[in-house]
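In: fold the stuff below for me.
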Amino acid sequence: MPQLVDLHTHSTASDGSLPPREVVRLAKARGLTALALTDHDTIAGLAEAVAAGAELGLEIIPGVEISARHPRGSMHILGYFLDWHSPLLAQRLAVLQQARADRNPQIIAKLNALGIPLTLAQVEAVSGGGQVGRPHIARALWEAGYVASIQEAFDVYLGNDGKAYVSKFRFPPAEAIAMIREAGGVAVLAHPFTLHPADPGELRSVLAELAGLGLAGVECYYPEHTPEQEALYLALARELNLAVSGGSDFHGDNKPEVELGRVSIQAKLTYDLVAGLKARRAALRAAPG
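Out: The predicted structure follows:
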């Protein structure tokens, strides 16, 4: 029986609906043997998650998901095995957290101008105490009856082409990867399809460039990948000597179609992925310089 894992999850420290301890508790109840908490641009939930893992006997991989600059689509870079006590990492992530905080009132102002009297207080009320971002605004819109679903909130108002979209500061990929590396972590490109590559050749070029910057792996297993995409990402990982990763992108009630430990790809999320990433971490530590 393979040991099952999940290497892409979120808590109330960013835009999930469950506190870090409850994410860990659910993972244990669902039979997982290892879990990476990878909140957006923050490590604030890691202390609670690591403590819960030690108490419940579940291996916790300290992680993060960093938004990086990309000319189209969106680039997210996962960091695993972080030294989450690193003051430098906290300082750099604080820049991204401030960018989110600065953007939120601008989005609210755009919504108000569109005739939707949503307030920042309403958004903060649904955030669960973590940093506030677009998913919380989407949930507030849904709860107030302005949209029929959270997805509609993104489609109409909050997505990159939405009526109330506001861009925010992101680090270039080189800096995002360096942040992870300097904190002792392993950098992995999340869900490559969100880069919106024109074709497989363009994606290969982007991955090769990122590998040259220190990227160590690619998230090949992800619930929204088509079988063709998954096969392409696995082939590119082999060709470019990148580690294979995978995860559910669990957000709790904020992404209800994704159930921790029960996603369609769960059988592929085995401890072999963790072992592969640990091997990359050991190789990075042994490398000169």
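
In: can you pull out the helices in the stretch 51-200 of the chain?
Out: 87-113, 120-125, 134-143, 150-153, 173-182, 200-212 (DSSP state H, counting those that start in this stretch).

In: list the buried residues in stretch 79-90.
Out: For stretch 79-90, the neighbour count (16 or more other Cβ atoms under 10 Å) marks Gly79, Tyr80, Phe81, Leu82, Trp84, Ser86, Leu89 as buried. Where you see a C-beta, it was placed from the backbone N, CA and C, and this is true even at glycine.

In: roughly how far out does it sit from the chain middle?
Out: Relative to its chain's centre, stretch 79-90 lies at 15 Å (Cα atoms, centre = their mean, to the nearest Å).

In: neighbouring contacts of it?
Out: 7, 36, 38, 43, 46-47, 50, 61-66, 179-180, 182-188, 245, 277-278, 281 (Cβ atoms under 8 Å, 6 or more residues apart in numbering).

In: let me know the outermost residue of the chain.
Out: Distance to the chain centre peaks in the chain at Gly115, reaching 31.9 Å (criterion: Cα atoms, centre = their mean).

In: what about that residue, distance to Tyr165?
Out: 17 Å (Cβ to Cβ, to the nearest Å).

In: got it, and Pro135?
Out: Pro135 sits 14 Å away from Tyr165 when distances are taken as Cβ to Cβ.

In: and Ala36, that one's in a strand?
Out: Yes: using DSSP: H, G, I helix; E, B strand; the rest coil, the secondary structure at Ala36 is a strand.

In: pretty sure it contacts Val64?
Out: No: counting by Cβ atoms under 8 Å, Val64 is not a contact partner of Ala36; they are 9.4 Å apart.

In: what do these two both touch?
Out: In contact with both Ala36 and Val64: Leu78, using Cβ under 8 Å, 6+ apart.

In: if I pick the closest residue to Asp272 other than its chain neighbours, what's in contact with it?
Out: Closest residue to Asp272 apart from its sequence neighbours, by Cβ to Cβ, 6 or more residues apart in numbering: Pro2 at 7.8 Å. By Cβ under 8 Å, 6+ apart, the residues touching Pro2 are Ala267, Thr270, Tyr271, Asp272.

In: and the first one, how many neighbours?
Out: Same thing as Ala267. Residues lying near Ala267 (other Cβ atoms under 10 Å) number 10.

In: look up how far Gln3 lies from it.
Out: Distance of Ala267 to Gln3, computed by Cβ to Cβ: 12 Å.

In: please apply the same query to the second one.
Out: The gap separating Thr270 from Gln3 is 6 Å, by Cβ to Cβ.

In: let me see the domain layout of the protein.
Out: Per the record, the chain has its domains at 5-85+172-286, 94-158, by automatic domain parsing.

In: most tightly packed of the ones you listed?
Out: domain 5-85+172-286 (a mean of 20; mean count of other Cβ atoms under 10 Å).

In: quick one on the thing from earlier: what is the nearest of the buried residues of stretch 79-90 to Gln98?
Out: Of all the buried residues of stretch 79-90, Leu89 has the smallest distance to Gln98: 15.1 Å, by Cβ to Cβ.
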